[in-house]
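A.B. asks: Sequence and predicted structure are below.
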Amino acid sequence: MASTELEKKPGQAVDPAEEPSVEWGWHGGFPKGTQIGGWISVIAMVFMLFDNHQGIVSGGDAFKIEDFYLIGITLALVAGLFYDLRKKKRARG
(Lines give C-alpha, C1' and ligand atoms only; values in the text may rest on other atoms or scores of the structure.)
Protein backbone atom coordinates (compact mmCIF):
# COMPACT_ATOMS: atom_id res chain seq x y z
CA MET A 1 0.00 0.00 0.00
CA ALA A 2 1.44 3.36 -1.03
CA SER A 3 1.86 6.14 1.50
CA THR A 4 0.31 9.53 0.80
CA GLU A 5 2.83 11.42 2.91
CA LEU A 6 6.25 12.42 1.70
CA GLU A 7 9.15 10.65 3.31
CA LYS A 8 11.37 12.92 5.37
CA LYS A 9 15.03 12.99 4.46
CA PRO A 10 17.84 14.06 6.76
CA GLY A 11 18.76 17.74 6.36
CA GLN A 12 22.27 17.20 4.99
CA ALA A 13 21.63 14.15 2.80
CA VAL A 14 21.65 14.79 -0.93
CA ASP A 15 20.04 12.28 -3.22
CA PRO A 16 22.30 11.47 -6.21
CA ALA A 17 19.19 11.04 -8.35
CA GLU A 18 18.30 14.68 -7.71
CA GLU A 19 21.83 16.04 -7.98
CA PRO A 20 24.11 13.64 -9.87
CA SER A 21 27.19 15.77 -9.29
CA VAL A 22 27.24 14.77 -5.63
CA GLU A 23 28.63 11.36 -6.66
CA TRP A 24 31.93 12.83 -7.81
CA GLY A 25 32.26 15.46 -5.11
CA TRP A 26 31.07 18.60 -6.85
CA HIS A 27 28.62 20.10 -4.42
CA GLY A 28 29.18 23.64 -3.22
CA GLY A 29 30.52 27.00 -4.26
CA PHE A 30 33.84 28.72 -4.74
CA PRO A 31 33.92 31.55 -2.18
CA LYS A 32 37.59 32.39 -2.78
CA GLY A 33 37.22 31.93 -6.53
CA THR A 34 34.29 34.33 -6.58
CA GLN A 35 36.32 37.02 -4.83
CA ILE A 36 39.39 36.48 -7.01
CA GLY A 37 37.37 36.50 -10.23
CA GLY A 38 35.47 39.59 -9.09
CA TRP A 39 38.60 41.60 -8.33
CA ILE A 40 40.20 40.53 -11.62
CA SER A 41 37.07 41.81 -13.37
CA VAL A 42 37.30 45.12 -11.50
CA ILE A 43 40.93 45.56 -12.54
CA ALA A 44 40.11 44.72 -16.16
CA MET A 45 37.27 47.27 -16.22
CA VAL A 46 39.49 49.99 -14.75
CA PHE A 47 42.09 49.27 -17.44
CA MET A 48 39.36 49.62 -20.06
CA LEU A 49 38.84 53.20 -18.93
CA PHE A 50 42.41 54.06 -19.85
CA ASP A 51 42.99 52.11 -23.02
CA ASN A 52 39.71 51.06 -24.59
CA HIS A 53 38.44 54.32 -26.05
CA GLN A 54 38.95 58.10 -26.05
CA GLY A 55 36.86 59.06 -23.03
CA ILE A 56 37.73 61.76 -20.50
CA VAL A 57 39.91 59.43 -18.43
CA SER A 58 42.07 58.39 -21.38
CA GLY A 59 42.69 61.88 -22.73
CA GLY A 60 39.50 62.68 -24.62
CA ASP A 61 37.70 66.01 -24.39
CA ALA A 62 34.49 64.85 -22.65
CA PHE A 63 32.89 61.96 -20.84
CA LYS A 64 31.38 59.39 -23.13
CA ILE A 65 28.53 57.08 -22.27
CA GLU A 66 31.02 54.20 -22.14
CA ASP A 67 32.81 55.93 -19.25
CA PHE A 68 29.59 56.10 -17.24
CA TYR A 69 28.79 52.45 -17.90
CA LEU A 70 32.29 51.26 -17.03
CA ILE A 71 32.46 53.34 -13.86
CA GLY A 72 28.92 52.42 -12.78
CA ILE A 73 29.32 48.69 -13.35
CA THR A 74 32.74 48.71 -11.70
CA LEU A 75 31.37 50.48 -8.61
CA ALA A 76 28.45 48.06 -8.43
CA LEU A 77 30.84 45.11 -8.70
CA VAL A 78 33.09 46.52 -5.97
CA ALA A 79 30.07 47.12 -3.72
CA GLY A 80 28.92 43.54 -4.29
CA LEU A 81 32.36 42.16 -3.49
CA PHE A 82 32.56 44.14 -0.23
CA TYR A 83 29.02 43.07 0.67
CA ASP A 84 30.00 39.44 0.06
CA LEU A 85 33.08 39.80 2.29
CA ARG A 86 31.08 41.46 5.05
CA LYS A 87 28.36 38.80 4.87
CA LYS A 88 30.97 36.05 5.23
CA LYS A 89 32.61 37.76 8.23
CA ARG A 90 29.25 38.05 9.99
CA ALA A 91 28.49 34.38 9.34
CA ARG A 92 31.81 33.30 10.87
CA GLY A 93 31.67 35.21 14.07
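C.D. replies: Sure thing, it's come through.
A.B. asks: Within the helices and strands, which one has Ile36?
C.D. replies: Counting by DSSP states H and E, the element that carries Ile36 is helix 31-51.
A.B. asks: If we go by neighbour counts, what in that helix is buried?
C.D. replies: Across helix 31-51, burial judged by 16 or more other C-beta atoms under 10 Å covers 38, 42, 45, 48-49. The way it works is simple: take the backbone N, C-alpha and C, and place the C-beta from them, glycine included.
A.B. asks: Spit out the contact partners of Leu77.
C.D. replies: Contacts here follow C-beta atoms under 8 Å, 6 or more residues apart in numbering; on that basis Leu77 touches 38, 41-42, 45.
A.B. asks: now it: how far from Gly38?
C.D. replies: Leu77 sits 6 Å away from Gly38 when distances are taken as C-beta to C-beta, to the nearest Å.
A.B. asks: can you list residues touching both of the two?
C.D. replies: Contacts common to Leu77 and Gly38, judged by C-beta under 8 Å, 6+ apart, are absent.
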